[in-house]
Every structure is written in structure tokens, then in C-alpha cells.
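# quick one, fold the following:
(one chain, ligands or ions: 1)
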Amino acid sequence: MKSTILDGKLIAKNIEENVRKRVYDYEDNYNDNITLATIIVGNNKPSKTYVKMKTEACKRVGINTREYSFPTFTTEGLIQIIKMLNDDSSINGILIQHPLPEIIDEQKCFDTIALEKDVDGLNSHSFGKMSFNENAFGAATPKGIINILDFYNINLEGKKACVVGRSQILGKPIALMLLNRNATITICHSKTKDLKEEIKSSDIVIAALGKPEYIKKEWLKEGAILIDAGYNYVNGKSVGDAENPEGIASFYTPVPGGVGPVTIATLLENIVTAAEKQKELIQTKETKGKQYIKEEI
Ligand code: NAP
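Now for the predicted structure:
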């Protein structure tokens with residue numbers, strides 16, 4: 001079978017171009033800039049690299065960044081910072097780089113982010129709204145996967161999808177997003193009895209388990225779609241959570257150059273949407289206020 005590569009770099013380029021235009025329009029319309037606050041705690045090297053990559057991407061599209069980096073911190077201290085950023089009207093989005101050190105209550109921090117600034121879709125309220133198929137920012141990686149499937153017009157309705165991994169930031173949200181697109185979902189995890197069999201009977205497989213090339217090419221059904229969200233370094237090379245499925249899959253995302261670049265581009269999309277919505281909200285409040293005053297007179 002001839003496999004088609006789902007080109008994450010191309011999709012990311014398209015999203016970035018569109019975001020760049022929206023940022024210019026925003027600056028023109030509101031005479032204001034868009035700013036993302038990034039929070040990083042500890043000395044986790046990959047986290048630092050991810051924040052650097054996100055900051056550089058923001059720069060490319062004209063979004064400002066303000067970095068809050070702490071060698072160590074307490075949950076209470078971090079919550080104070082997040083509250084301050086929630087109240088700061090010059091900040092449009094807040095991104096806490098995951099994972100935070102274990103001493104910090106990560107979810108409590110995510111849940112402190114104001115819903116309208118939760119551009120990485122990590123707080124419970126955003127997650128709940130997303131699962132109800134309501135307007136909320138989806139976490140950037142799962143939403144990026146949906147962007148990939150949409151870009152290639154892959155219809156999910158009635159398809160059997162197997163999500164391997166059930167993390168809060170990836171496995172669970174992508175499963176719900178696929179469900180909201182009318183796919184039939186199986187979520188697998190470390191206690192799943194026969195992973196191979198679950199994969200074999202699926203039309204779409206999302207690899208998100210964090211183990212290099214764990215999912216074998218021959219486990220896939222002929223013509224299945226493989227989305228590999230995994231990102232691992234092995235012998236100086238980046239590899240996914242599945243083997244390269246060339247020849248068996250109908251479509252697949254490469255690693256590198258698949259889900260990774262689209263995740264960052266999707267984050268940029270969320271930031272500009274957040275900024276636009278915040279301005280719309282201010283305008284609506286002002287208009288309603290004027291109407292109220294008029295009615296009173
Ligand atoms: P995580 O929090 O470690 O979760 C891994 C999940 O995989 C868990 O639910 C675990 O099950 C499950 N799992 C582990 N071993 C398994 C096995 N043998 N069979 C079936 N399921 C198994 O990982 P994550 O943060 O979701 O990340 C997953 C992958 O995505 C990693 O490779 C990561 O680097 C990558 N990632 C990429 C991006 C990007 O932007 N491209 C962003 C985030 C993550 P239990 O729940 O039972 O423990």
C-alpha cells in the first residue's frame with residue numbers, strides 16, 4: 001500500500017501564516033499588542049527547550065512573550081503569580097510548562113488560570129467545556145492532531161479509533177475530541193490486556209504512550225491511519241512512540257515533522273483567538289453599558 005505522509009511542517013506553516021495575518025489585524029484594529037506569559041519552574045532541560053521553541057514561534061508571528069522562570073517555587077507562590085497575570089489586561093494568554101516539580105500541585109495551578117487566558121487548555125473547566133463540545137481552548141497537542149486530520153479532510157465519523165495513552169494533556173482530551181467528531185473510541189493504557197488486538201481492529205491509532213517505537217508496524221491494520229504524538233530521543237535521533245508504518249498505513253505523521261510543529265502552531269492559534277475574544281468581550285460590555293445608560297435616561 002502507498003502511504004501518504006501527513007506533513008506537519010506544511011500544516012504548521014499554513015496555520016502560522018494565518019495567525020500572522022490575524023495578529024496584524026488585531027494590532028491595526030485595537031492599536032494593541034498580543035502577549036503570552038510563560039511560566040517555567042525548575043531546571044528540566046526539555047521544558048526549557050519547549051518554552052524556547054514556543055517563544056521563538058510567538059516572535060515569528062508578532063506575539064510578545066513575558067517569561068516567568070523560577071528555579072524553585074511553592075504552589076501558593078505560583079498561584080499568586082497566576083492570579084496577578086489573570087488580572088493583568090496586557091496579558092492575553094498564560095502557559096505553564098508541564099511538568100512542574102512534584103512538590104507543586106500542578107492541577108491546582110492550571111485551575112487558577114482564568115478560562116479566557118487558558119491557551120493551553122489545561123484547566124479542569126476548559127477540559128469540561130471541551131468534553132461537552134462547548135467553546136473552550138483545547139490542549140495544543142490534541143487540538144493540533146485534529147488540525148492535522150482536518151487539513152487532510154479525514155472524515156472521522158463512524159471510524160474506530162484507538163488512543164494509546166490516557167494522560168490529562170494528551171490521551172484523554174484527544175479521545176474526547178475524536179468522540180465529538182463521531183468516531184468510536186477505545187482508550188488503552190498500561191493495564192490494557194491486549195493492546196495489539198485493540199490496535200489491529202482500529203481505523204485510526206493515536207500513539208501517545210511515551211515509549212520509543214513501542215507500537216509495531218505489523219500491529220496496524222492495512223490502511224489504518226497512524227498519528228504518532230510521541231517524541232523520544234534515542235541514540236541522538238528523535239523517534240515516535242510507533243515504528244514507521246510506511247507501506248501499511250494509508251496516512252501517517254512522521255517523527256519529527258508531524259504532530260510536534262502543529263502543536264506549537266495550534267498554541268499560536270489559541271493565543272490570537274484568546275486576544276480577539278477578550279477584546280470582543282470588552283466591546284460587548286461597553287456597548288451593553290451604553291445601552292443601559294440610554295434606557296435609564
Ligand atoms: P504520560 O503522561 O507519561 O502518559 C503516558 C500514557 O501512556 C499513560 O496513560 C500510560 O498508562 C500509557 N502507557 C504507558 N505504557 C503503556 C503501554 N505499554 N501500553 C499502553 N499504554 C501505556 O505521557 P504524555 O505526556 O501523554 O506523552 C505521551 C507521548 O507524547 C510522549 O512520547 C511525549 O513525548 C509526547 N508528547 C508530545 C507532544 C508534542 O507536542 N508533540 C506534547 C506532549 C507529549 P497509565 O495511565 O496506565 O500509566
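# do the longest helix along the chain and the ligand meet at all?
When the chain is parsed with DSSP state H, its longest helix is helix 259-296. Yes: on the criterion Cβ under 6 Å from any ligand atom, helix 259-296 is in touch with the ligand at 259-260, 263. Glycine gets a C-beta too; all of them are placed from N, C-alpha and C.
# so which bits of that helix are buried?
259-276, 278 (16 or more other Cβ atoms under 10 Å).
# please apply the same query to stretch 35-46.
35-42, 44.
# lowest-confidence member of those residues, which is it?
Comparing pLDDT over the buried residues of stretch 35-46, Asn44 scores lowest. The value there is 91.
# in contact with that residue, which residues?
Neighbouring residues of Asn44 by Cβ atoms under 8 Å, 6 or more residues apart in numbering: Pro99.
# now tabulate the residues of helix 259-296 next to the ligand in TSV and tack on pLDDT.
As requested, the residues of helix 259-296 next to the ligand are exported to TSV (pLDDT from 0 to 100):
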residue	pLDDT
Val259	98
Gly260	96
Thr263	97
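# using a markdown table, lay out those together with distance to Ala57.
Shown next, in a markdown table, are these (distance: Cβ to Cβ, whole Å):
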| residue | distance to Ala57 |
| --- | --- |
| Val259 | 15 |
| Gly260 | 11 |
| Thr263 | 10 |
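# Ser47 should be in a helix, yeah?
Yes: assessed by DSSP: H, G, I helix; E, B strand; the rest coil, Ser47 belongs to a helix.
# quick one: residues contacting it.
Per Cβ under 8 Å, 6+ apart, neighbours of Ser47: 40, 97-99.
# now with 7 Å, please.
40, 97 (Cβ atoms under 7 Å, 6 or more residues apart in numbering).
# ok, now the one 5 residues further on?
For Lys52, no residue counts as a contact, taking Cβ under 7 Å, 6+ apart as the criterion.
# quick one on the thing from earlier: near the ligand, list only the ones from the buried residues of stretch 35-46.
Counting by Cβ under 6 Å from any ligand atom, no member of the buried residues of stretch 35-46 is near the ligand.
# any idea which of these is the one closest to Val239?
Asn44 (20.4 Å; Cβ to Cβ).
# how many other residues sit next to the spatially closest residue to Thr35 that is not a sequence neighbour?
Excluding its sequence neighbours, the residue lying closest to Thr35 (Cβ to Cβ, 6 or more residues apart in numbering) is Asn64, at 4.3 Å. Asn64 has 15 neighbours, counted by other Cβ atoms under 10 Å.
# quick one: the strands in the stretch 101-250 of the chain, in order.
160-164, 184-188, 204-207, 225-228, 232-234, 237-239 (DSSP state E, counting those that start in this stretch).
# low-confidence regions, the stretch 151-297 of the chain specifically.
290-297 (pLDDT under 70).
# where do the helices of the protein begin and end?
8-30, 45-61, 75-87, 106-112, 124-131, 140-151, 171-180, 195-200, 259-296.
# what would these look like in JSON lines with distance to Val163?
Shown next, in JSON lines, are the helices of the chain (distance: least, Cβ to Cβ, whole Å):
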{"stretch": "helix 8-30", "distance to Val163": "19"}
{"stretch": "helix 45-61", "distance to Val163": "22"}
{"stretch": "helix 75-87", "distance to Val163": "30"}
{"stretch": "helix 106-112", "distance to Val163": "21"}
{"stretch": "helix 124-131", "distance to Val163": "14"}
{"stretch": "helix 140-151", "distance to Val163": "9"}
{"stretch": "helix 171-180", "distance to Val163": "5"}
{"stretch": "helix 195-200", "distance to Val163": "10"}
{"stretch": "helix 259-296", "distance to Val163": "13"}
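# hang on, the earlier thing: so the residue nearest to Thr35 versus the ligand, what's the distance?
Asn64 sits 22 Å away from the ligand, going by Cβ to the nearest ligand atom, to the nearest Å.
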